[in-house]
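A.B. asks: pasting the structure only:
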């Protein structure tokens, strides 16, 4: 007689904000889906058993903001999405607008479809996608911004796209003001989706936030440039509070220049933490300012978010932004069995923000197993099960 389960994770501490399930639980998987979560499940019922005692079991981590289109100067050859994601507990990633309507199909055919990691993308409002770090900003010349073409590309690719991206900072828009954001919102309205807007130096932040609709995403929400979400270094801006109230999403987007400890600590302390925590891994952030989504999560813990908070921000919250909250982001029965197993390492850990400011954290996060659709796709070499 065959066994009831394909895989059993035994003895771990479950953290599942999506189903509000916490504590020591055994978790069983069958045919790529969660089959049972109980205090005790016998080892005799599973073909394969992994002892995860002393480890934390959570839904597969979702990174809402990466750049992984290799031809782009923002990706280069530094960030190899499949191998890197699996080794850091990420089972689902979203490319944040590296390509636009003019080159998205190349990205889709050559990288998204063959990817082992679940991968979707925002389509940039600029047809060429992101310009290079040292090149002419992609939204300086409005003739390159085509809402109809952007919307058409999204509508034609519902399995691979989630919305429209725009970078709304002086370096990218020049004298175009808020018109790129207006055009991005127009494209999103045509395609019935949401916008992710990059905020940075020179943004008319108050007006930009007022333009956003429920479900639109503000990324780089804890950057330290001016203006930022903290008014004159003291309080969270009223426009930010209003945006939170009408369910605009605030995303960390750490990256190479967009995470400041003081801004994050103030916002978290006042009750306005990032809804989603993302890495913004790209060619000038990878292994320089942030090594992984796990490091971004640990930094947020160092300035006031709890472990449960950062897990929520990288699982169910991110899944709901993508529109996949019914299948991913939690460990309820019949959900897709994307699972991350971590070791929470106690001690004193020194973290740096993008300006080199330091904070001491009490915890670091060490990946131990990554499971996608019920299959173990990576285990740390220290685990005997590998």
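C.D. replies: Thanks, I have the structure now. Only a predicted model underlies this, so the values are computations on that prediction, with no experimental measurement involved.
A.B. asks: mind telling me what element residue 197 is part of?
C.D. replies: Here residue 197, judged by DSSP states H and E, is contained in strand 194-199.
A.B. asks: other residues contacting that strand?
C.D. replies: 65, 96-97, 122, 162-169, 172, 181, 184-185, 188, 205, 208, 212-213, 215-221, 223, 251, 253, 321 (Cβ atoms under 8 Å, 6 or more residues apart in numbering). Every C-beta, even on glycine, is put in place using the N, C-alpha and C of the backbone.
A.B. asks: mind giving me the domain ranges of this protein?
C.D. replies: 5-58+333-344+362-379, 61-322 (automatic domain parsing).
A.B. asks: mind putting those into JSON lines with mean pLDDT and mean neighbour count?
C.D. replies: Listed next are the domains of the chain as JSON lines, based on pLDDT from 0 to 100; neighbours: other Cβ atoms under 10 Å:
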{"stretch": "domain 5-58+333-344+362-379", "mean pLDDT": "97", "mean neighbour count": "19"}
{"stretch": "domain 61-322", "mean pLDDT": "92", "mean neighbour count": "21"}
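A.B. asks: compare those domains and give me the one nearest residue 351.
C.D. replies: Closest to residue 351 of those is domain 61-322 (Cβ to Cβ; 4.8 Å).
A.B. asks: how far away from the center of its chain is the closest one?
C.D. replies: Domain 61-322 has its C-alpha centroid displaced from the chain centroid by 8 Å (Cα atoms, centre = their mean, to the nearest Å).
A.B. asks: one more: stretch 60-78?
C.D. replies: Its chain's C-alpha centre and that of stretch 60-78 lie 11 Å apart, by Cα atoms, centre = their mean.
A.B. asks: for stretch 23-41, same thing?
C.D. replies: 25 Å.
A.B. asks: what's in contact with it?
C.D. replies: Residues contacting stretch 23-41 (Cβ under 8 Å, 6+ apart): 4-14, 16, 21, 45-46, 57, 331-337, 339, 371, 373-375.
A.B. asks: following the strand holding residue 197, which helix or strand comes up?
C.D. replies: helix 205-211.
A.B. asks: which strands and helices sit next to that next one?
C.D. replies: helix 179-191, strand 194-199, helix 238-245 (3 or more Cβ pairs under 8 Å, 6 or more residues apart in numbering; DSSP states H and E).
A.B. asks: next helix or strand past the last one?
C.D. replies: Remark: after helix 238-245, the chain's next helix or strand is strand 249-251, criterion DSSP H and E.
A.B. asks: can you list contacts of that following strand?
C.D. replies: Under Cβ under 8 Å, 6+ apart, the answer for strand 249-251 is 64-65, 196, 215-221, 229, 240, 243-244, 272, 274-278, 321.
A.B. asks: check which helices and strands the next helix or strand after that strand is in contact with.
C.D. replies: Counting by DSSP H and E, the element after strand 249-251 in chain order, helix or strand, is helix 261-269. With contacts taken as 3+ Cβ pairs under 8 Å, 6+ apart, helix 261-269 sits against strand 230-231, strand 235-236, helix 293-302.
A.B. asks: quick one: contacts of helix 261-269?
C.D. replies: Counting by Cβ under 8 Å, 6+ apart, 221-224, 228-230, 233-236, 240, 252, 273-274, 299-300, 302-305, 353, 357, 359 sit against helix 261-269.
A.B. asks: next, the angle from it to helix 238-245.
C.D. replies: Angle, helix 261-269 to helix 238-245, by axes from the mean of the first three to the mean of the last three Cα atoms, to 10 degrees: 50 degrees.
A.B. asks: report the angle between helix 261-269 and helix 293-302.
C.D. replies: Relative orientation of helix 261-269 and helix 293-302, computed by the same axes, to 10 degrees: 70 degrees.
A.B. asks: okay but residue 202 is in contact with residue 170, surely?
C.D. replies: Yes. Here residue 202 reaches residue 170: they are 2.7 Å apart, a contact under Cβ atoms under 8 Å.
A.B. asks: now the helices for the chain?
C.D. replies: Under the criterion DSSP state H, helices of the chain are mapped to 81-87, 104-107, 147-156, 170-173, 179-191, 205-211, 238-245, 261-269, 293-302, 307-313, 316-322.
A.B. asks: tell me the pLDDT of the closest residue to residue 261 other than its chain neighbours.
C.D. replies: Nearest non-adjacent residue to residue 261, counting by Cβ to Cβ, 6 or more residues apart in numbering: residue 353, 4.6 Å away. At residue 353, the predicted lDDT confidence score is 96.
A.B. asks: quick check: phi and psi on residue 353?
C.D. replies: Residue 353 adopts backbone torsions of phi -90, psi -170, taken as degrees, to the nearest 10.
A.B. asks: against residue 282, how distant is it?
C.D. replies: For residue 353, the distance to residue 282 (Cβ to Cβ, to the nearest Å) stands at 17 Å.
A.B. asks: re the thing from before, so can I have TSV of the helices and strands packed on helix 205-211 showing distance to residue 313?
C.D. replies: Below are the helices and strands packed on helix 205-211 laid out as TSV (distance: least, Cβ to Cβ, whole Å):
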stretch	distance to residue 313
helix 179-191	23
strand 194-199	15
helix 238-245	14
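A.B. asks: narrow the contacts of stretch 23-41 to those in strands?
C.D. replies: Judged by DSSP state E, these include 5-14, 16, 21, 46, 57, 339, 371, 375 as members of strands.
A.B. asks: and the closest residue to residue 229 other than its chain neighbours, what does it touch?
C.D. replies: Excluding the flanking residues, the one nearest residue 229 by Cβ to Cβ, 6+ apart is residue 240, at 4.7 Å. By Cβ under 8 Å, 6+ apart, the contact list for residue 240 reads 209, 229, 250, 267, 272.
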